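1. Build me a model from this:
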Amino acid sequence: MKVSKLAANLIGSEIVKISNEVNDLKAKGAEIANLTIGDLNSNLYPIPALLKEEIQKAYQNNLTNYPPANGLLSLRKEVSKDLKNRWNLDYSPNDILITSGSRPLIYAVYKTIVDEGDKVVYPTPSWNNNHYAYLTSADAVEVKTTPENNFLPTADDLRPHLSGAVLLALCSPLNPTGTMFTKERLSAICELVLEENRKREEDEKPLYLMYDQIYSNLTFGAEHVDPVSLFPELKEYTIYIDGISKCLAATGVRVGWGFGPAHILDKMKALLTHVGAWAPKPEQEATAKFYENPENVNVFVEDFKGKLEESLKVLHGGIQDLKGKGLAVESIEPMGALYLTIRLDYIGKTKPDGSVIGNSSDLVFYLINDAGVALVPFSAFGEAKSEPWFRASVGGLAVDEIKIMLPKFENALNVLK
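-> Okay, here's the model as predicted:
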């Protein structure tokens, strides 16, 4: 049966494919350390107790009708205050759009800015930009990054590609690597964006910057930096992606917010009214109540990110121990989020059954079946399947589970020839 060309050529999520395989095996009794989905085990990492109470109270109070299209004013006011207190960013409630997590926001940024054939620039690896570029029929320019630069683009990487582009998509702390921009490196990129916009004629579409900082509260010693704090004149070109999904362990609560130039946010709001992508009203009400006291956020985040950092240190230390034993592995010290970047130089190796690991996906499924360990290859983030880099998300496992997993992982790699 015929479907649209867009649907016919749409590529499904490789992460979901791997996760489905893991779930099928677990249903059959297999023990698998699932390091795939950028989600959290809600038994290990429940949402704040007060937030849960406020959500329940809001449902009991029958706040179950439609919220305003741009989100409850009470929540937008609290977000505005939090942005000022936390990052010294001045955005009024009218400059803020509440949606069901960050995905609708990113989609709306693309659909609001990008016409068919418009140039969009983003680094690889990065989360889902390739799919959003496809959905908007953009001319996607993927800028390959290097481990030497923590898989973050430099100004020199981006400079040749910004002429004529309408959107540059960046993320820090970065999904999938858990690495972050330094002030110096982000500043150099911001200067490029300003320089490019100074060249544009008045009737030309400017170069906009989408800055995904959904993990900005989950940093380990490093300082989170953002474009408008560095260059206030970027305010008219920058759209931020943020929310509670990660910092409050609330991935399923679905409350995200974007903020930026009013003329862009208004069009994003109009677009999403036709999609129905607003966050549920009780969850918005509860989030507003929770944010009324900044200490609620601060206390929870400090405890939560401390636990994530401990898990990441254990996993990173385990990989470094394997490297010390002579295995062909490497990992990059995490700076934020819930991810560890791991290199496994085993593509082309032969498994015990005589078959060859031809690419990163082959290695993923070998490790699932023979080590009980599930990772995501960087091919899920726009890289080639020949690349030996992988994302490990620690949100689903306790520290003890990570420690138990490491010897199985080591044994599975040791038998590859």
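2. going forward, measure contacts between C-alpha atoms and count neighbours the same way
-> OK.
3. where does the protein have its least confident helix or strand?
-> For the chain, counting by mean pLDDT, DSSP states H and E, helix 14-27 ranks last in confidence among helices and strands (a mean of 85).
4. and after that one, which helix or strand comes next?
-> strand 33-34 (DSSP states H and E).
5. Mind listing residues that contact that following strand?
-> Applying C-alpha atoms under 8 Å, 6 or more residues apart in numbering, the external contacts of strand 33-34 come out as 22, 372-375, 396-397, 401-402, 405.
6. that older thread, just the buried residues of the least confident helix or strand of the chain, please?
-> Using 16 or more other C-alpha atoms under 10 Å as the burial criterion, the residues of helix 14-27 that qualify are 14-15, 18-19, 22, 25.
7. on that earlier part again, report the buried members of the contacts of strand 33-34.
-> The neighbour-count test (16+ other C-alpha under 10 Å) applied to these identifies 22, 372-375, 396-397, 402, 405 as buried.
8. which two in those are spaced the farthest apart?
-> Farthest pair in these (C-alpha to C-alpha) is V22 and I402. Separation: 16.5 Å.
9. What ranges does this structure have for its helices?
-> 5-9, 14-27, 49-60, 73-87, 103-113, 129-135, 155-158, 183-199, 227-230, 262-273, 281-291, 294-324, 360-370, 399-414 (DSSP state H).
10. contacting residues around the residue nearest the centre of the chain?
-> Among the residues of the chain, the one closest to the centroid is N175, at 4.1 Å (C-alpha atoms, centre = their mean). Applying C-alpha under 8 Å, 6+ apart, we find N175 in contact with 126-127, 337, 339.
11. Mind putting those into CSV with pLDDT, distance to G324 and neighbour count?
-> Below are the contacts of N175 laid out as CSV (pLDDT from 0 to 100; distance: C-alpha to C-alpha, whole Å; neighbours: other C-alpha atoms under 10 Å):
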residue, pLDDT, distance to G324, neighbour count
S126, 97, 29, 25
W127, 95, 31, 19
A337, 97, 26, 32
Y339, 98, 22, 31
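12. May I see these organised as TSV, with distance to A384 added?
-> Formatted as TSV, the contacts of N175 follow (distance: C-alpha to C-alpha, whole Å):
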residue	distance to A384
S126	13
W127	14
A337	24
Y339	20
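13. In strands only, show me these.
-> Judged by DSSP state E, those include Y339 as members of strands.
14. tell me which of the contacts of N175 is nearest to Y110?
-> Closest to Y110, out of all of the contacts of N175 and judged by C-alpha to C-alpha, is W127, at 14.1 Å.
15. The closest one - nearest residue in space that isn't next to it in sequence?
-> Leaving aside its sequence neighbours, W127 sits nearest to F381 (C-alpha to C-alpha, 6 or more residues apart in numbering; 5.4 Å).
16. For that neighbour, the count of nearby residues, please.
-> Neighbourhood size, F381 [other C-alpha atoms under 10 Å]: 24.
17. Correct me if wrong: it contacts N128.
-> Yes - taking C-alpha atoms under 8 Å as the definition, F381 is a contact partner of N128 at 6.6 Å.
18. How about residues contacting stretch 262-274?
-> Here stretch 262-274 makes contact (C-alpha under 8 Å, 6+ apart) with 69-70, 94-97, 104-105, 108-109, 112-113, 258-259, 278.
19. at 10 Å instead, please
-> 68-71, 91-92, 94-99, 104-113, 236-239, 258-260, 275, 277-278 (C-alpha atoms under 10 Å, 6 or more residues apart in numbering).
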